[in-house]
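Asks: 3D model of this:
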Amino acid sequence: MQNLLIGLLVALGLFSYYMYNQNQTLTANNIKLESAVEEQKQAMDALRESYEKQGKSLMNMSRRNAEIEAEKQEYLQIFARHNLDMLALKKPGLITNRFNNGSEKVMESMEDDTEELYKLTVPDNSD
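Replies: Residues are numbered from 1 along each chain as shown. Okay, here's the model as predicted:
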């Protein structure tokens, strides 16, 4: 009987030691998982912020595109109302100056738009 009791105590002791080691392993794994979850939350926040910035940029670009389309329609209507060939033959100096001035404005506008697009695609390193 005494041997059975000693065997039972040894078995309980070994089982307790095994359970203690399992508990330690699970505790360490739980800490690692909590750390990974926190990293994932931070990554999701960064992605959400990036998504919001992209959405705002897209809205700004869409609004600007609508403005440009309206301006284009205005210019197309002007060209449709006037016979530029006839005006160029009758008043070449007037037409040349207007075309040169208009071309200069268009080129400046293209430069401004290109610079704006460049700013959207290149990250700002001043932060």
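Asks: who's in contact with the lowest-mean-pLDDT helix or strand in the chain?
Replies: Among the helical and strand segments of the chain, the one scoring lowest on mean pLDDT, DSSP states H and E is helix 84-90, with a mean of 79. Residues outside helix 84-90 that contact it (CB atoms under 8 Å, 6 or more residues apart in numbering): Leu94, Ile95. From N, CA and C alone the C-beta is placed, and that goes for glycine too.
Asks: Distance from the chain centre to the next helix or strand after that helix, please.
Replies: Downstream of helix 84-90, the next assigned helix or strand under DSSP states H and E is helix 92-121. Put simply, helix 92-121 sits 29 Å off its chain's centre (CA atoms, centre = their mean, to the nearest Å).
Asks: Could you give me the buried positions within helix 92-121?
Replies: For helix 92-121, burial by neighbour count (16 or more other CB atoms under 10 Å) applies to Ile95.
Asks: Check which helices and strands it is in contact with.
Replies: Helices and strands touching helix 92-121, by 3 or more CB pairs under 8 Å, 6 or more residues apart in numbering; DSSP states H and E, are helix 2-81, helix 84-90.
Asks: JSON lines please, covering those and showing distance to Glu111.
Replies: Shown next, in JSON lines, are these (distance: least, CB to CB, whole Å):
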{"stretch": "helix 2-81", "distance to Glu111": "14"}
{"stretch": "helix 84-90", "distance to Glu111": "25"}
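Asks: Would you convert those into a markdown table that also reports mean neighbour count and distance to Tyr118?
Replies: Formatted as a markdown table, those follow (neighbours: other CB atoms under 10 Å; distance: least, CB to CB, whole Å):
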| stretch | mean neighbour count | distance to Tyr118 |
| --- | --- | --- |
| helix 2-81 | 10 | 13 |
| helix 84-90 | 11 | 34 |
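Asks: among these, which is nearest Leu120?
Replies: Among the helices and strands packed on helix 92-121, helix 2-81 comes nearest to Leu120, with 5.5 Å by CB to CB.
Asks: still on that earlier bit, can I get the least confident helix or strand of the chain in PDB, CA atoms only?
Replies: Only the C-alpha atoms of helix 84-90 are listed here, as PDB (Å, rounded to 0.1, in the frame of the first residue of the first chain):
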ATOM      1  CA  LEU A  84     -10.000  80.500 -87.400                       C
ATOM      2  CA  ASP A  85      -8.800  79.800 -91.000                       C
ATOM      3  CA  MET A  86     -10.600  82.900 -92.200                       C
ATOM      4  CA  LEU A  87      -9.500  85.000 -89.300                       C
ATOM      5  CA  ALA A  88      -5.900  83.900 -89.800                       C
ATOM      6  CA  LEU A  89      -6.000  85.000 -93.400                       C
ATOM      7  CA  LYS A  90      -7.600  88.300 -92.700                       C
END
